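A.B. asks: Just to be clear, the model below is a prediction. Sequence and coordinates:
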Amino acid sequence: MDHYDFIIAGAGSAGCVLANRLSADPGKRVLLLEAGPTDWHPLIHMPAGIARLANNRALNWNYRTEPEPALNQRRLWWPRGKTLGGSSSINAMCYIRGVAADYDGWAEASGDPRWSWREVLPWFLRSEDNSRGASELHGTGGPLGVSDLRHRNELSIALIDAAGSAGYPRNDDFNGEQLAGFGLYQVTQRNGARCSSAAAFLKPVRQRTNLHVRTGVLVERVLLDHGRAVGVQLRQGRHEAERIEAGEVILAAGAINSPQLLMLSGVGPADHLREHGIAVHADLPGVGANLQDHLDICTLDGNPGKLSYDHLNELSAGWRWLRHRDGPGSSNVAEAGGFVRSRFAVDARCDLQFHFVPALLDDHGRHRLPGYGYTLHACHLHPRSRGRLRLHSADPAQPIAIHANYLGDAEGHDLKMMIEAARLSREILDQPAFAAHRGAPVFPERRIHTDEEYADFIRRKAETIYHPVGTCRMGKDDRAVVDSELRVRGVDGLRVVDASVMPTLPTGNTNAPTIMIAERASALILR
Ligand SMILES: Cc1cc2nc3c(=O)[nH]c(=O)nc-3n(C[C@H](O)[C@H](O)[C@H](O)COP(=O)(O)OP(=O)(O)OC[C@H]3O[C@@H](n4cnc5c(N)ncnc54)[C@H](O)[C@@H]3O)c2cc1C
């Protein structure tokens, strides 16, 4: 058995940050374990490659939810990155932190003021290298490149104009003084290339002799001895299982796999574990509970002027990107968007987010539609429904059952918000800025008006916008899985550091908040 000071399970958004920061001390031996392959694939690095990554099975866990009762029993596709960089290697690169009240809420939930906005802001800034330069709210010199897009489609500008005429102000910095309004996203890119967590945090330190990185290895469980984590069991392909010892084990396998690993290790809801013949080390009913995600509805119109990226000449875009790192190949595709505080908002925060894609996007782009068009995504940012994860079996190679429970809240607030999201999308796309671009409606297939028609549309067509969190929730109550230093309750030497520890969803996308969590946690661990 080898021995390490730290074993990190999962080299995603959080895992790569941890590997970098924990191995900065040459006296600490760090092992980073990743189930997927290295991130050699060129489509990871060329931003517009995202359009083709959706069909790449080798770099994706390709999860599916269980049949969703409120969505016509549909099983929704949940992509998750499976390579160095994890989901940050396949995501849409929008760099969004959320708002102060999100983190003040986490501080309250965890009983620890160190998670308040004032205290977490420096950890966001520590990562950041913003191409616009430093300010009170932006950092420079950090490993994570954050940049303005080098290329934007004319239709993305039309979206911002249309939102303006619908009464939503322009916002040139969603991570500035305020979030509300419409504009172009800043993206996690450096020199026109994707800046995944692996590119930002791992690549520059790969030569450290105290950092070992293994890819293609599935961590199967944490080894526990008398209430303490002492290492992990892993398997490479069809080889025999290996056991590796560590002073501390850190799960950074993401919001689906970290809770699964805890359960497989005997940490979770005792009755459920016994059903699968797993010996219980710690009865933590909160493991896999509190699942939250942003449900999303897309409105699509045709574009007879053919300005959209549908049927783009990929060869010439790729060639231009290779030579100059600009042009359509450098686009994250979800170029523009915005945040709205709706008439149903329950606090001062925006409760709807929009992503605009100048292309016809059906079923995450996996179903190619004929013709040209554009897509306005709209999601509800603070869902009340809570889902849960449950084991199908004790076999680590089997995916866990995902019960997202979308629109499952008793008050019907989540459905009401989705209807509002779809209505506002229609209102924005109907503005004069699109008059010269708008063709026939694609989805919904015809003009709809009533709440019932919108509800039917949502049940047929809503999908995830990829932000599952909360399944190993940080908190101070009995159902919390980790404490405010992200230590698993009732087990020594074991932490969870990734999107699963978020008590609630932030007001926006989840990559930057996950990276911040890992920055914050690294300092706690090293102390
Ligand atoms: C298609 C898509 C688009 C998105 N777009 C955006 C966006 O534009 N902006 C944004 O902010 N967020 C976006 N997100 C969300 C964001 O990328 C994630 O919230 C974030 O990456 C989660 O980080 P994580 O560290 O928790 O998990 P991940 O980054 O998913 O990392 C987990 C890692 O652990 C590995 N792993 C899992 N289980 C095991 C095991 N048993 N053994 C070994 N390794 C294991 C995985 O392969 C993976 O590499 C998007 C996500 C997706 C999927």
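C.D. replies: Now that the structure is in, tell me what you want to look at. Numbers count the residues shown, from 1 in each chain.

A.B. asks: Alongside the ligand, which residues does the stretch 101-250 of the chain contribute?
C.D. replies: Counting by Cβ under 6 Å from any ligand atom, the stretch 101-250 of the chain comes close to the ligand at L218, V219. All C-beta spots, glycine's among them, are computed from the backbone N, C-alpha and C.

A.B. asks: If we use 8 Å, what do you get?
C.D. replies: Y185, V187, T188, S197, V217, L218, V219, E220, L234 (Cβ under 8 Å from any ligand atom).

A.B. asks: for the residue nearest to A359 when sequence neighbours are not counted, what are its contacts?
C.D. replies: Excluding the flanking residues, the one nearest A359 by Cβ to Cβ, 6 or more residues apart in numbering is Y309, at 4.4 Å. Contact partners of Y309, counting by Cβ atoms under 8 Å, 6 or more residues apart in numbering, are A48, A51, N153, P328, S331, V333, P358, A359.

A.B. asks: I'd like to know how many residues surround the second one.
C.D. replies: The reference is to A51. By other Cβ atoms under 10 Å, 19 other residues sit near A51.

A.B. asks: Return the residues in contact with A158.
C.D. replies: A433, F434, H437.

A.B. asks: And for E314?
C.D. replies: E314 touches nothing, counting by Cβ under 8 Å, 6+ apart.

A.B. asks: Try it again at 10 Å.
C.D. replies: A48, G49, A51, R52, P328, G329 (Cβ atoms under 10 Å, 6 or more residues apart in numbering).

A.B. asks: so the second one sits right up against P42, yeah?
C.D. replies: Yes. Checked against Cβ atoms under 10 Å, the pair G49 and P42 is within contact range at 7.0 Å.

A.B. asks: quick one, which of the two is more surrounded?
C.D. replies: More crowded of G49 and P42, by other Cβ under 10 Å: G49, with 20 against 10.

A.B. asks: returning to that earlier point: quick check: of the contacts of Y309, which lies closest to the ligand?
C.D. replies: The ligand lies nearest to V333 out of the contacts of Y309, by Cβ to the nearest ligand atom, at 9.8 Å.

A.B. asks: surely N509 meets S13?
C.D. replies: No. Counting by Cβ under 10 Å, N509 sits too far from S13 to count as a contact (11.0 Å).

A.B. asks: Can you pull the residues that touch both of those two?
C.D. replies: The contact lists of N509 and S13 share N91, where a contact means Cβ under 10 Å, 6+ apart.

A.B. asks: Which of those two has more residues huddled nearby?
C.D. replies: Each of N509 and S13 has its neighbours counted (other Cβ under 10 Å); S13 has more, 33 against 28.

A.B. asks: now the more buried one: how far from A499?
C.D. replies: 7 Å (Cβ to Cβ, to the nearest Å).

A.B. asks: Find residues that contact each of those two.
C.D. replies: What both S13 and A499 touch, as defined by Cβ under 10 Å, 6+ apart, is the set G86, S87, A252, G254, T510, N511, P513, T514, I517.

A.B. asks: hang on, the last one in a helix?
C.D. replies: Okay, so that is I517. Yes. Counting by DSSP: H, G, I helix; E, B strand; the rest coil, I517 falls inside a helix.

A.B. asks: Wait, it touches W123, no?
C.D. replies: Yes. With contact defined as Cβ under 10 Å, I517 counts as touching W123 (8.3 Å).

A.B. asks: Tell me which of these two has more neighbours.
C.D. replies: I517 (29 against 20).

A.B. asks: Pull the contacting residues for the more buried one.
C.D. replies: I517 neighbours (Cβ under 10 Å, 6+ apart): 13-14, 17-18, 106, 115, 120, 123, 252, 474, 486, 496-502, 510.

A.B. asks: now S87
C.D. replies: 12-13, 60-61, 79-81, 196-197, 254-255, 466-468, 498-499, 510-511, 514.

A.B. asks: Look up how far S197 lies from it.
C.D. replies: Distance from S87 to S197, by Cβ to Cβ: 9 Å.

A.B. asks: what does A162 give?
C.D. replies: In terms of Cβ to Cβ, A162 sits 34 Å off from S197.

A.B. asks: higher neighbour count, those two?
C.D. replies: The neighbour count for A162 versus S197, taken as other Cβ under 10 Å, is higher for S197 (33 against 24).

A.B. asks: TSV for the contacts of Y309, including distance to M418?
C.D. replies: What follows is the contacts of Y309, written out as TSV (distance: Cβ to Cβ, whole Å):
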residue	distance to M418
A48	29
A51	25
N153	26
P328	31
S331	27
V333	23
P358	23
A359	22
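
A.B. asks: and the two most separated of the residues you listed?
C.D. replies: A51 and N153 (13.0 Å; Cβ to Cβ).

A.B. asks: Report the set of residues contacting both of those two.
C.D. replies: By Cβ under 10 Å, 6+ apart, the residues touching both A51 and N153 are Y309, S331, V333, V357, A359.

A.B. asks: residue in this structure nearest to the ligand?
C.D. replies: G12 (1.7 Å).

A.B. asks: ok, now which ones touch the residue lying closest to that residue once chain neighbours are set aside?
C.D. replies: Once flanking residues are discounted, G12 sits nearest to G86: 2.0 Å by Cβ to Cβ, 6+ apart. The contact partners of G86, by Cβ under 10 Å, 6+ apart, come to 10-16, 34-36, 39, 59, 61, 80, 196-198, 252-254, 257, 498-499, 511, 514.

A.B. asks: Repeat that for H212.
C.D. replies: Taking Cβ under 10 Å, 6+ apart as the test, what H212 contacts is D2, Y4, I7, A19, S23, R29, V30, L31, L32, L33, I244.

A.B. asks: G493 too?
C.D. replies: 222, 224-225, 227-231, 246-250, 487.

A.B. asks: what's the spacing between it and A279?
C.D. replies: Distance from G493 to A279, by Cβ to Cβ: 18 Å.

A.B. asks: Dump the helix or strand of the chain with the lowest mean pLDDT to PDB, keeping only the CA atoms.
C.D. replies: Averaged element by element with mean pLDDT, DSSP states H and E, the chain has its least confident helix or strand at helix 50-53 (a mean of 91). The C-alpha coordinates for helix 50-53 follow below in PDB (Å, rounded to 0.1, in the frame of the first residue of the first chain):
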ATOM      1  CA  ILE A  50     -19.300  22.100 -26.600                       C
ATOM      2  CA  ALA A  51     -21.900  21.600 -29.300                       C
ATOM      3  CA  ARG A  52     -20.300  18.300 -30.200                       C
ATOM      4  CA  LEU A  53     -19.300  17.200 -26.700                       C
END
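
A.B. asks: Quick one: name whatever helix or strand follows it.
C.D. replies: Per DSSP states H and E, helix 50-53 leads on to strand 63-64 as the next helix or strand towards the C-terminus.

A.B. asks: can you give me the offset of that following strand from its chain's centre?
C.D. replies: 15 Å (Cα atoms, centre = their mean, to the nearest Å).

A.B. asks: immediately after that strand, which helix or strand?
C.D. replies: Next along from strand 63-64, by DSSP H and E: strand 77-78.

A.B. asks: got the contact list for that next one?
C.D. replies: Under Cβ under 10 Å, 6+ apart, the answer for strand 77-78 is 54, 60-65, 255-256, 293, 363-364, 366, 399, 402, 404, 463-464, 466, 468.

A.B. asks: domain parsing for the chain?
C.D. replies: 1-60+79-145+191-290+468-527, 150-184+295-382+407-461 (automatic domain parsing).

A.B. asks: Near the ligand, which residues of the stretch 401-527 of the chain? Just list them.
C.D. replies: 465-469, 498-500, 508-514, 518.

A.B. asks: buried subset of these?
C.D. replies: 465-469, 498-500, 508-514, 518 (16 or more other Cβ atoms under 10 Å).

A.B. asks: hmm, back to that, ok, and which of the domains of the chain has the densest surroundings?
C.D. replies: Compared across these, domain 1-60+79-145+191-290+468-527 shows the largest average neighbour count, a mean of 21 (mean count of other Cβ atoms under 10 Å).
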